[in-house]
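Asks: here you go, sequence then predicted model.
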Amino acid sequence: GKAPPVGNTVDIADASYRNSIGDPELATWWTDPDFDPSQPAFYYVRVLEIPRPRWTTHDMKFFGITLPDRVPRTVQDRAYSSPIWYRP
């Protein structure tokens, strides 16, 4: 399954965002339905941060300019956990 898309609170004109969405803490329990104890495996967690203004958006506001539409206005980073390795 896929998680629903992360919300977006970026105000492009003001080059700002509100950190008012998402969860401050994540906790879950997961079991690998295809786990085979005779096979090596590794697992990791990947999360998405909420979008925030890209540096070019800050420049647009500061300098009072407009950049081409092809220039992204926001950036959204990912975070990865350290892997958990399983060896039989």
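Replies: Cool, the structure landed. Only a predicted model underlies this, so the values are computations on that prediction, with no experimental measurement involved. Residues are numbered from 1 along each chain as shown.

Asks: lowest-pLDDT helix or strand in the protein?
Replies: Here the helix or strand of the chain ranked lowest by mean pLDDT, DSSP states H and E is strand 46-48, holding a mean of 87.

Asks: show me what contacts the residue sitting furthest away from the middle of the chain?
Replies: Farthest-out residue of the chain from its mean C-alpha position, per C-alpha atoms, centre = their mean: residue 38, at 33.7 Å. Taking C-beta atoms under 8 Å, 6 or more residues apart in numbering as the criterion, residue 38 is in contact with residue 88. All C-beta atoms are positioned from the backbone trio N, CA, C, and that covers glycine.

Asks: what sits up against the least confident helix or strand of the chain?
Replies: 6, 26, 76, 77, 78, 79, 80, 81.

Asks: helices along the chain, start to end?
Replies: 55-63 (DSSP state H).

Asks: pLDDT weak spots in it?
Replies: By pLDDT under 70, the weakly predicted segments of the chain are 1.

Asks: how about the nearest residue to residue 8 once chain neighbours are set aside, what does it touch?
Replies: Leaving aside its sequence neighbours, residue 8 sits nearest to residue 51 (C-beta to C-beta, 6 or more residues apart in numbering; 4.8 Å). Residues counted as contacts of residue 51 (C-beta under 8 Å, 6+ apart) are 6, 8, 9, 10, 17, 74, 75, 76.

Asks: what about residue 51, distance to residue 78?
Replies: 12 Å (C-beta to C-beta, to the nearest Å).

Asks: who's the most centrally placed residue in the chain bridged to?
Replies: Nearest to the mean C-alpha position of the chain, by C-alpha atoms, centre = their mean, lies residue 48 at 1.9 Å. Under DSSP bridges, the beta-bridge partners of residue 48 are residue 78.

Asks: all set now, cheers.
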